[in-house]
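**Q** Next comes the sequence, and after it the predicted model I'd like to discuss.
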Amino acid sequence: MGLGKWEELQQQEFWTPTSSLSEGPGHIFYDKLRQVFAKAGFDRPLEALCRPCYTRTGRMSIPLGVYFRMLLVSYFGGIDSQRGIAWPCKDSLLLRRLRGNPLGKETPNHSSLTRIRDRIPLEIHEQVFQQVLSIIEDHSLLKLKAVGVDSTLLGANAAMKTIVRKDSGEDWKAYLKRLMQEEGFIQEADDPSDPDARIIRMKGGRTHLGYKDEHVVDLENEIILSATLHHGTLALSATGTMFESVVNAQRNVILSGSKEEIEEVDADKGYHKNETIRQTKQFRMRTYIPEPNSPHNRTWTDKFGEVKQAVLSNRRRMNRAKGKALQQQCSEKVERSFAHICETRKARRTWLREIEKANKRYPIIAAAGNLGLLMLKVLRIGNSRSLQGGIGAALALRETYLMPWLGCSEKLSVLTDRENSTSKNIPVPRLEIQPAATTHTQTTQIHANFNRLLEFVLTTYAPARDLFFTRFYL
């Protein structure tokens, strides 16, 4: 064989058949996610919802399914900016196939995402979140007996040094100079770059401009029922935002087609307010909110009788073992949703200014988190960037590729081989696949296809190669 040489200028073919174009190796997670969208009919309802936002004439816009799929990719890829979303969507053949973009068409630019977001109102973004909840309801993952409510702080796209006082218009340096003379405290300030951002105090004691993000999570399956951004100072108000978030969560569940109702609401002691507990009881929901420590006894002379009854009933429930168990679940599962979205998926800081624009994107990110949980239940892989264990990878291969392609039967058992295990407490799984073929030709073809598939998996997922060989017996 002769040595090929690099040619500086190569004559390209004028016509290229579509069948000769490269399609990429594909990915189990995205292929299954595309099947879930196709089965649920994800795109047609979106086009019907957004039709009033467009005219009947002019250039055709980007399909709405492509826009929302690009926002979902930002979650699964851990991308926080629109330019970062547009680049892999244009470069990756895998993401092109997920969005349904043919190779002959251009992918949307980052400015197109901005134009579409400004054109579509906030209500349609919320309906997309409800549509994802309906897909989850079709898989019977909404239980809704008990929900947990908690909030965290998100950084805004604004700096403390750019704020000016509302009353005098002083900037940060002028204010600090006067503050050193008067020894006062800042009360009201406005940022011209993001007027909706508020000064919030982080847990470490630092101050930032940002928003408050509040989640309502199903404590059984960890499905996010509501994800809303509020002004950072609303947490200090008399009623707070817990009751509004719980009502919004119940509304999302009803509009998704589920008949489940929220019965119990669990939150930390920062949400313990008389008006919040009273309003929750009026909607026939039981609260499990611990009381903050106080050196004084409660006085009820200036309170209504129903307020006293609601607060004392909440206190009795918290003294039971069930109340303490729900507190542990809330601390674990609600905080886990913040860790997945804000830390792992890099949504701790929003690069969109104004709270309405940030609220358009954040529910879609929360919907992507719900889809990840759905894929974890169905496919046993909840993320496109990791295999999450060899068992999940092997069973995902079986669900998507192995059984339909090889013609094997549905029986795939995971046994425990304790004799070959290095430790008796850590069993080594062993997979057993029983082909449904009966003739010698079919059996030979199955083994050949399986060898090709195994070679593809081990070359594509190189980090799992050692794990596959050392811990599994096929």
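**A** It's in.

**Q** Domain map for the chain?
**A** According to automatic domain parsing, the chain comprises the domains 22-120, 126-158+193-293+301-356, 390-471.

**Q** Next, format those as TSV and append distance to residue 378.
**A** C-beta here means a position set from N, CA and C on the backbone, and glycine is covered the same way. Output for the domains of the chain, formatted as TSV (distance: least, C-beta to C-beta, whole Å):
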stretch	distance to residue 378
domain 22-120	7
domain 126-158+193-293+301-356	7
domain 390-471	8
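
**Q** which one of those domains has the most crowded surroundings?
**A** Of the domains of the chain, the one with the most neighbours on average (mean count of other C-beta atoms under 10 Å) is domain 126-158+193-293+301-356, at a mean of 18.

**Q** Between its first and last residues, what's the separation in that one?
**A** End-to-end distance of domain 126-158+193-293+301-356 (C-alpha to C-alpha, to the nearest Å): 12 Å.

**Q** One more: stretch 296-316?
**A** End-to-end distance for stretch 296-316, by C-alpha to C-alpha: 19 Å.

**Q** what's the answer for stretch 279-297, then?
**A** 23 Å.

**Q** pLDDT on stretch 125-142, on average?
**A** Across stretch 125-142, pLDDT averages out at 90.

**Q** hmm, who's touching it?
**A** Stretch 125-142 is contacted from outside by 36, 40, 42, 45-46, 49, 68, 218, 221, 223, 225, 227, 252-253, 255-258, 260, 359-361, 363-364, 366-367, 370-371, 373-374, 377-378, using C-beta atoms under 8 Å, 6 or more residues apart in numbering.

**Q** try 6 Å
**A** Residues outside stretch 125-142 that contact it (C-beta atoms under 6 Å, 6 or more residues apart in numbering) are 40, 68, 221, 223, 252, 255-258, 260, 360, 363, 367, 370, 374.

**Q** picking that back up, can you tell which of the domains of the chain is closest to residue 171?
**A** domain 126-158+193-293+301-356 (12.7 Å; C-beta to C-beta).

**Q** May I have the distance across stretch 276-289, first residue to last?
**A** From its first residue to its last, stretch 276-289 covers 10 Å (C-alpha to C-alpha).

**Q** Let me fix that, I meant to ask about stretch 59-67.
**A** Terminal residues of stretch 59-67 lie 17 Å apart, using C-alpha to C-alpha.

**Q** Could you say which helix or strand holds the nearest residue to residue 77 once chain neighbours are set aside?
**A** Excluding the flanking residues, the one nearest residue 77 by C-beta to C-beta, 6 or more residues apart in numbering is residue 88, at 6.4 Å. In the assignment (DSSP states H and E), residue 88 maps to helix 82-91.

**Q** Can you list the helices and strands that that helix packs against?
**A** If contacts are counted by 3 or more C-beta pairs under 6 Å, 6 or more residues apart in numbering; DSSP states H and E, helix 82-91 sits against helix 64-76, helix 110-119.

**Q** Just the C-alphas of it, formatted as CSV.
**A** Output in CSV follows, covering the C-alpha atoms of helix 82-91 (Å, rounded to 0.1, in the frame of the first residue of the first chain):
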residue,chain,number,x,y,z
GLN,A,82,-26.2,30.8,24.5
ARG,A,83,-23.0,31.0,22.4
GLY,A,84,-21.8,27.9,24.2
ILE,A,85,-25.1,26.2,23.2
ALA,A,86,-25.0,27.2,19.6
TRP,A,87,-21.4,25.9,19.0
PRO,A,88,-21.8,22.2,19.9
CYS,A,89,-25.3,22.2,18.2
LYS,A,90,-23.6,23.3,15.0
ASP,A,91,-20.5,21.1,15.3
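
**Q** what stretches of the stretch 51-200 of the chain score poorly on pLDDT?
**A** Filtered on pLDDT under 70, the stretch 51-200 of the chain yields the residue ranges 101-104, 161, 165-168, 172-173, 175-177, 180-192.

**Q** where do the helices sit along it?
**A** Counting by DSSP state H, counting those that start in this stretch, the stretch 51-200 of the chain has these helices, from start to end: 64-76, 82-91, 93-99, 110-119, 122-138, 172-182.

**Q** helices and strands around the third one, which ones?
**A** What it means is helix 93-99. Packed against helix 93-99 by the contact rule (3+ C-beta pairs under 6 Å, 6+ apart) you find helix 28-40, helix 64-76.

**Q** Could you tell me the angle between the last one and helix 110-119?
**A** Taking axes from the mean of the first three to the mean of the last three C-alpha atoms, to 10 degrees, helix 64-76 and helix 110-119 form an angle of 110 degrees between their directions.

**Q** could the helices of the stretch 51-200 of the chain be laid out in CSV, adding distance to residue 329?
**A** Formatted as CSV, these follow (distance: least, C-beta to C-beta, whole Å):
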stretch, distance to residue 329
helix 64-76, 24
helix 82-91, 34
helix 93-99, 34
helix 110-119, 35
helix 122-138, 19
helix 172-182, 43
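
**Q** Out of those, the one nearest residue 347 is which?
**A** Of all the helices of the stretch 51-200 of the chain, it is helix 64-76 that lies closest to residue 347, at 7.9 Å by C-beta to C-beta.

**Q** which one of the domains of the chain lies closest to residue 170?
**A** domain 126-158+193-293+301-356 (14.8 Å).

**Q** Make a markdown table out of the helices and strands packed on helix 93-99 and add distance to residue 179.
**A** Output for those, formatted as a markdown table (distance: least, C-beta to C-beta, whole Å):
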| stretch | distance to residue 179 |
| --- | --- |
| helix 28-40 | 53 |
| helix 64-76 | 40 |
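
**Q** Out of those, which gets nearest to residue 208?
**A** The nearest among the helices and strands packed on helix 93-99, by C-beta to C-beta, is helix 64-76 at 22.5 Å.

**Q** For the closest one, which helices and strands make contact with it?
**A** Helices and strands touching helix 64-76, by 3+ C-beta pairs under 6 Å, 6+ apart, are helix 43-50, helix 82-91, helix 93-99, helix 355-378.

**Q** Residues in contact with the last one: which ones?
**A** This points to helix 355-378. When contacts are defined by C-beta under 6 Å, 6+ apart, helix 355-378 is touched by residues 71-72, 75, 117, 122, 125, 129, 132, 136, 196, 223-224, 227, 229, 340-341, 347, 350, 352, 382.
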